[in-house]
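**Q** Show me how the following folds:
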Amino acid sequence: MKIIKTYYLIDYENVGSEGFKGCEKLRETDIIHLFYTDNSRKIDLDIINDHGESKLITHKVPTGNQSADMHLGSYLGYLIGKECTGQDEECKIVVISKDTGFDHIIEFWKTEKNVKISRNEKISGKQAQTRKQVKKQTDKEKDRQVAEQTDQKTEKQLNEQSEKQSAKQSENQNTKKPKQKIIDMKAGTKKLQQELVLVLDKAGMPKEVVNYVSTTVEKNAEDKNRKQQIYRSIISKYGQTKGLNIYNHIKKKI
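**A** Below is the predicted model:
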């Protein structure tokens, strides 16, 4: 049975001590390569003291723009050629970094040498998604959203059609007996006027007030805001005090 060696290449400038999470569980077949510069944060001594049974190798590289990235990428190619090609032992490489720029290099070596290589954000973490995987998920999400929007649009159109049909049917039904409806409304208004005359007469209101209120009620009988319109008309005509007194006598009837 072949021995599987796992190499962890850590971009310390990028992940810091967080990238070492889980290193205490590593075996003797695991090797950690730590890449850092003078700009790197101080290394937690607990990591140095406890990284399981693995071997820890440090690489201090010159300070510069993406210096650790470039040196790690170069060492990755060297490691594949030296340790993962034509050897009796199986080889696995894990790049520990949040930098998605490594994904292109990883895909290249997977295709070129069929190497088992991946990128994680920490030793114990799950494999990080590559840009290609993220794009696939994004495309799937876009397709799902488009499908949902299409369904919603179709449903909205169906609802609108249904509402139009219902409105048309209702309109047809309402126009069948328009004369009867008008007669009924007029009869109701007439009865209301008679009741208001009795109420106002009983309250001792002048005939002029009775006639004005009766006319105002008839004028606003079909208005959905008739109470408000009648109130405003009476207040406008007789003022706040007198108008409110008149309105209070009829408001329960209208």
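**Q** quick one: contacts for Leu196?
**A** 210, 213-214, 217, 250, 253-254 (C-beta atoms under 8 Å, 6 or more residues apart in numbering). In this view, the C-beta of every residue, glycine as well, is placed from N, C-alpha and C.
**Q** and if we set it to 10 Å?
**A** Shown in contact with Leu196 (C-beta atoms under 10 Å, 6 or more residues apart in numbering): 205, 210, 213-214, 216-217, 249-250, 253-254.
**Q** Are we agreed that it is in a helix?
**A** Yes: under DSSP: H, G, I helix; E, B strand; the rest coil, Leu196 sits within a helix.
**Q** circling back to that earlier point, buried subset of the contacts of Leu196?
**A** 205, 210, 213-214, 216-217, 249-250, 254 (16 or more other C-beta atoms under 10 Å).
**Q** Okay, and which of those residues map to helices?
**A** Those of the buried ones among the contacts of Leu196 mapping onto helices are 210, 213-214, 216-217, 249-250, per DSSP state H.
**Q** So this structure: which segments form each domain?
**A** 4-133, 175-250 (automatic domain parsing).
**Q** hey, least reliable of those by pLDDT?
**A** The weakest mean pLDDT among those belongs to domain 175-250, with a mean of 83.
**Q** send the alpha carbons of stretch 241-254 over as PDB?
**A** Only the C-alpha atoms of stretch 241-254 are listed here, as PDB (Å, rounded to 0.1, in the frame of the first residue of the first chain):
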ATOM      1  CA  THR A 241     -70.600  75.500  16.400                       C
ATOM      2  CA  LYS A 242     -74.000  75.500  14.800                       C
ATOM      3  CA  GLY A 243     -72.900  73.200  12.000                       C
ATOM      4  CA  LEU A 244     -71.600  70.600  14.400                       C
ATOM      5  CA  ASN A 245     -74.800  70.700  16.400                       C
ATOM      6  CA  ILE A 246     -76.800  70.000  13.200                       C
ATOM      7  CA  TYR A 247     -74.500  67.200  12.100                       C
ATOM      8  CA  ASN A 248     -74.600  65.500  15.400                       C
ATOM      9  CA  HIS A 249     -78.300  65.100  15.100                       C
ATOM     10  CA  ILE A 250     -78.100  63.300  11.700                       C
ATOM     11  CA  LYS A 251     -74.700  61.500  11.700                       C
ATOM     12  CA  LYS A 252     -76.200  58.200  12.900                       C
ATOM     13  CA  LYS A 253     -78.700  58.200  10.000                       C
ATOM     14  CA  ILE A 254     -76.500  58.900   7.100                       C
END
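**Q** Quickly find the element holding the spatially most central residue of the chain.
**A** Closest residue to the average C-alpha location of the chain: Gln145 at 11.5 Å, with C-alpha atoms, centre = their mean. Using DSSP states H and E, Gln145 falls within helix 131-176.
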